[in-house]
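# One predicted model, sequence on top.
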Amino acid sequence: MRFPPLTVVRLPSLRRRPPVELHDEVLKEMVLLRERTPDISGSVACTVDGLAVACDPTVGDGERTAALTAALLAMSRRMLSMSGRGDLEETLISGTAGFAAFYAAGPTIVLTVLAQPGTNLGLLRLEGRKTAAAVAAIAARMR
């Protein structure tokens, strides 16, 4: 039995890169965050589906960090939904070498902030939420 040759159909990518303007403005906010809070060693902003928007400074592999952030966001939201605890504001992970804090920045962006051991967690939460709100406003303006 003979089959006709396969035809390759190229579908448009469903994962679009965030616009350059979004990258530039979000990166400015992330630099300001690091300048205001000296214990912060870096941050990554990504879309909820795991595409990196900006990294300050380059945090290891930004693309991999973005993918893991998206997975953690999904699990955190699921846990809050199952337990009836409302919408996600932040997730904080404490490790032996510091902290990783994740902030919802509107419905489309997640801000990951990496901090040193001994960081003032109250200041981290305050400044992280402030930056997440600024990033959410930027993303909403660019939609």
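Alright, I've got the coordinates.
# where along this protein do the strands fall?
Counting by DSSP state E, residue ranges of the strands within the chain are 40-47, 52-56, 90-95, 98-105, 109-115.
# Mind putting those strands into TSV with mean pLDDT and mean neighbour count?
The C-beta positions use only the backbone N, C-alpha and C, and glycine is treated the same way. Compiled in TSV, the strands of the chain are given as follows (pLDDT from 0 to 100; neighbours: other C-beta atoms under 10 Å):
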stretch	mean pLDDT	mean neighbour count
strand 40-47	92	24
strand 52-56	90	23
strand 90-95	95	14
strand 98-105	95	22
strand 109-115	94	26
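# do you know which of the ones you listed lies nearest residue 80?
With C-beta to C-beta as the measure, strand 90-95 is the member of the strands of the chain nearest residue 80 (9.6 Å).
# Who are the packing partners of the closest one?
Helices and strands in packing contact with strand 90-95 are listed as helix 62-83, strand 98-105, helix 121-142; criterion 3 or more C-beta pairs under 8 Å, 6 or more residues apart in numbering; DSSP states H and E.
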